[in-house]
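Coordinates for the following, if possible.
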Amino acid sequence: MKNKILPRSLRISIAVIICITIFVFSFLGISIHDMSENTIEEIGTAYMAGMNEQVSLHFETIIELRLTMAESIARIAEGDGPSACGTREEIEYGARARHFLCAALYSPDGEIEMIFGDQVELNHPEPFLESLRNGERKAASAVGANGDGVILFGVPCEYPMSDGSGSLAIVVGLSTKYMGEVLFLDSDKSLSYSFVIRTDGSYVVGNEGDSYKNYFDRLVSIFDGQDAKAAACIEEMRSAMNAGGDYSAIMKSGGSRYHIHCTNLPYCEWYLVTVLPFEGLDHAITGTGHRWLAIVYAAFFAVIAMLLYIFFRYLKLFRDQVSELKRVNTEMDAARKEAEQANAAKQNFLSSMSHDIRTPMNAIIGMTALALDSADSPEQVRDYLGKIALSSKHLLGLINDVLDISKIESGKMTLNVEPMSLSEVMNSISNIMQPQVAAKRQHFNLSAREILSENVYCDGVRLNQVLINLLGNAVKFTPEKGSVQLTVYQEALPEDASKVRTHFLVRDTGIGMSKEYQKVIFESFSREDNTRVRKTEGSGLGMAITKCIVDAMEGTISVQSEQGQGSEFHVVLDLRRAAAPAASKTADGAEEAGDAALKGKHVLLAEDNELNWEVARELLSILELDLDWAQNGGICVEKFEKSPIGYYDAIIMDVRMPVMDGYEATAAIRRLERADAGIPIIAMTADAFSEDIQRCLACGMNDHLAKPIDIQVVACKLKKYLK
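Prediction:
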């Protein structure tokens, strides 16, 4: 029954989609047609505006040129002085040389006395005469003795006429046909054609071969019996002419459309009329529209075919989905089991961490109680406090491991890559590891060979963390009087001369590890399950963190080990070479002088927690510093701003504070217009990740100290900036 219902539903769906598709594509075809017509009108409007402007400017240039020529002929007529007028032969020669058809003298009362050429008669003499009387240059239309049109150019000029009177102007002429050719009004290549008319519609230029003597009569014929529309169009054009403005309109007559643009011309009372028939553009754009429609309908049939194919494929896909659901259910069962295993691993981790955290906490609490009960015995109190310090450091290491692995697994670990010295790293590692090695009376050997570039680009903090994790495990799992060795060497990279391959080898003679455990040593929370390891404290995160850091540095780490024989870890990093830093010249005894230099220094400490302030005050009192307390960032800025310039030598700034945090307080201090606004500011915060350090430096702080306070590190930082 279901097999019959499904095809019927498919048929209904296909019919509905085909109907919708036909409607959509039909609407699209109509829209394309309408858009084609609108496009034609927009193109025509833009073309007409540009064409009329071009012809108008060309007309102005031609008229200006011809009037200038007429002025040069007038200067020939006037000669060098009142008694040195040019001869009529000279005037005729000058006019003919400039290709004028005729030349004449124009009297103050409007009479024309020909110098050469056929007699001409002005069509509208009044405006021409008035302009010349006002001393203006003027162009006007006239008719020759043979009935041909003539364009006259008149410029003021006084010259003796035949009756003894002086002329008002000298007039030269060109044929209207010549003017039309010069103005490109008869170009066969143009999409449009143009006329020069007067306000009454009579032609000046451009009506050669036209049966109509008036342009308005031509408009009436274009409308073909639509007298009302023709009269309205003519009236609008006349109104625009009389107002001295432009006129633009699209006329529709039958199946044809025309764009008419009319604009006034300089130096005369004429108007340029340009007409653009849309037949050519219609044909070109309509052809494009038809091609688009063909593409649309082709796409329509392709879509229908594709839909049919999709629907017919649906049956097969429907059956495949059943088997896919079964497979998904199987995978979900597997994922559920993996989640249960992960949850069990987390429970084991929490159980292990609960034990590992409670162990140092129990020691801290117990030793604190014993120290309180033994207040009368300073030696016992000192012993208890030493054990409290060791347990605190162990607890801090556990917390740092948990935070590190959380940061790494969330993808938020960042590297702070900067130039560093391998020798400084090795010296730092040696200083850190010596107390642990000495406590177990082990032999610790640190060697470097074949060093090609001592200075490289690397995250020094993370590199220290990797090496300390490896060396710490080596010391931890190596018995007393055993040996631990760190070796560093380099080799060149032929494929990239800017980098050097750096090898770090950590060897020990410890208890080693099984082959099975070597396969999972870099997994989180992994610890080898034997009695020797259970007695050793640890979170099971150190190697996982080490592996993640090495991977982030695009390096490799491997291990070789045999139970009872020791282990060897091999870290390989391709590090970019760095330039050697400028050598610093330090006088002998500078370190001791630096300790003395801290005595009496004024330091402003911003800390919102009163207990933390008391701890910091007591610890820093060892350095004999003069401390001031600011309970938040706002008070810190206020105290610094009110202090005399140079009063404070440094500021130790907590980050997380109310009112104004350490970042805002540092930025506010740096913005102060004081000579000591660049005072050393050192962050002292529990935010100890590399991105936290970068944020401190970015806001204007000079350095970073991680809580809990290590008095030796604080002294080192202060000496660095209070030299």
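
Pro160 pairs with what?
Beta-bridge partners for Pro160, by DSSP bridges, are Gly166.

Quick one: the helices in the stretch 251-400 of the chain, in order.
Using DSSP state H, counting those that start in this stretch, the helices of the stretch 251-400 of the chain run over 279-373, 378-409.

Extract the CA atoms of the helix or strand that the shortest one is followed by and return them as CSV.
This points to helix 378-409. For helix 378-409, the following helix or strand on the C-terminal side (DSSP states H and E) is strand 418-421. C-alpha atoms of strand 418-421 as CSV (Å, rounded to 0.1, in the frame of the first residue of the first chain):
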residue,chain,number,x,y,z
GLU,A,418,60.5,36.1,19.9
PRO,A,419,64.3,36.1,19.7
MET,A,420,66.0,34.1,22.5
SER,A,421,69.4,32.7,23.3
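
Can you name every helix or strand that strand 418-421 contacts?
Other helices and strands packing on strand 418-421, by 3 or more CB pairs under 8 Å, 6 or more residues apart in numbering; DSSP states H and E, are strand 455-458, helix 460-476. Bear in mind the C-beta positions are built from the backbone N, C-alpha and C, glycine included.

Which strands and helices lie in contact with the last one?
To tie it back to what came earlier, the one meant is helix 460-476. For helix 460-476, the elements it packs on are strand 418-421, helix 422-439, strand 483-492, strand 499-508, helix 542-552, strand 566-577, helix 690-698, judged by 3+ CB pairs under 8 Å, 6+ apart.

And that helix, what's buried?
Within helix 460-476, the residues scored as buried using 16 or more other CB atoms under 10 Å are 460-463, 465-476.

again with the first one
Residues of strand 455-458 classed as buried: 455-456, 458 (neighbour count, 16+ other CB under 10 Å).

and Val559, that one's in a helix?
No - counting by DSSP: H, G, I helix; E, B strand; the rest coil, Val559 falls outside a helix, being strand.

List the contacts of it.
Val559 makes contact with 513, 518, 521, 567-570, according to CB atoms under 8 Å, 6 or more residues apart in numbering.

For it, name its beta-bridge partners.
Here Val559, judged by DSSP bridges, has bridge partners Phe569.

could you give the mean pLDDT of stretch 371-384?
Mean pLDDT, stretch 371-384: 80.

what about it, how long is it end to end?
Using CA to CA, to the nearest Å, one end of stretch 371-384 lies 6 Å from the other.

Out of the contacts of Val559, which is nearest to Ile170?
Relative to Ile170, the closest of the contacts of Val559 is His570; by CB to CB it sits at 108.0 Å.

Nearest spatial neighbour of that closest one, chain-adjacent residues omitted?
Of all residues not flanking His570 in the chain, Ser558 sits nearest, at 4.9 Å (CB to CB, 6 or more residues apart in numbering).

wait, Lys499 sits on Ala578?
No - counting by CB atoms under 8 Å, Lys499 does not reach Ala578; the two are 10.8 Å apart.

How about the secondary structure of Ser194?
Applying three-state DSSP to Ser194 yields a three-state assignment of strand.

Identify the bridge partners of it.
Going by DSSP bridges, Ser194 forms beta bridges with Thr274.

contacting residues for the closest residue in space to Leu101 that isn't next to it in sequence?
Distances taken as CB to CB, 6+ apart place Gly173 nearest to Leu101, at 5.0 Å, with adjacent residues excluded. Going by CB under 8 Å, 6+ apart, Gly173 touches 100-104, 117, 120, 142, 150-153.

Nearest to Ser256, out of the residues you listed: which one, please.
Nearest to Ser256 among those is Ile151, at 32.2 Å by CB to CB.

okay, that closest one: pLDDT?
As summarised for this prediction, Ile151 has a pLDDT of 89.

thinking again about what came up before, which of the contacts of Gly173 fall within strands?
Among these, DSSP state E puts 102-104, 120, 142, 150-153 in strands.

mind putting those residues in a markdown table, distance to Ser202 and neighbour count included?
Listed next are those as a markdown table, based on distance: CB to CB, whole Å; neighbours: other CB atoms under 10 Å:
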| residue | distance to Ser202 | neighbour count |
| --- | --- | --- |
| Cys102 | 21 | 24 |
| Ala103 | 25 | 23 |
| Ala104 | 22 | 25 |
| Val120 | 17 | 22 |
| Ala142 | 13 | 23 |
| Val150 | 15 | 26 |
| Ile151 | 14 | 25 |
| Leu152 | 16 | 25 |
| Phe153 | 20 | 25 |
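
where does Thr21 land in three-state SS?
Following three-state DSSP, Thr21 is assigned to helix.

The one 3 residues further on too?
Following three-state DSSP, we place Val24 in the helix state.

For Phe300, see how far away it is.
Using CB to CB, to the nearest Å, Val24 is found at 9 Å from Phe300.

and these two? which has more neighbours close in?
Shown here are Val24 and Phe300; by other CB atoms under 10 Å, Phe300 has more neighbours (18 against 13).

can I assume the more buried one is in contact with Ile18?
No - between Phe300 and Ile18 there is no contact under CB under 8 Å: 9.7 Å.

where does the stretch 101-250 of the chain dip in pLDDT?
In the predicted model of the stretch 101-250 of the chain, residues 183-192, 206-210, 224-225 satisfy pLDDT under 70.

can you give me the helices for it?
Under the criterion DSSP H, counting those that start in this stretch, the stretch 101-250 of the chain contains helices at 125-133, 176-182, 215-223, 227-242.

To Ser447, which of those lies closest?
Of these, nearest to Ser447 by CB to CB is helix 176-182, at 97.8 Å.

Which secondary structure elements does that closest one sit against?
Here helix 176-182 touches strand 149-156, strand 203-205, going by 3+ CB pairs under 8 Å, 6+ apart.

could those strands go into CSV alongside distance to Asp508?
Formatted as CSV, the helices and strands packed on helix 176-182 follow (distance: least, CB to CB, whole Å):
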stretch, distance to Asp508
strand 149-156, 111
strand 203-205, 108
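
For Glu379, give its distance to Ala371.
Computed as CB to CB, the Glu379 to Ala371 distance reads 11 Å.

neighbour count winner among those two?
Set side by side, Glu379 and Ala371 show more neighbours around Ala371, with 18 against 8, by other CB under 10 Å.
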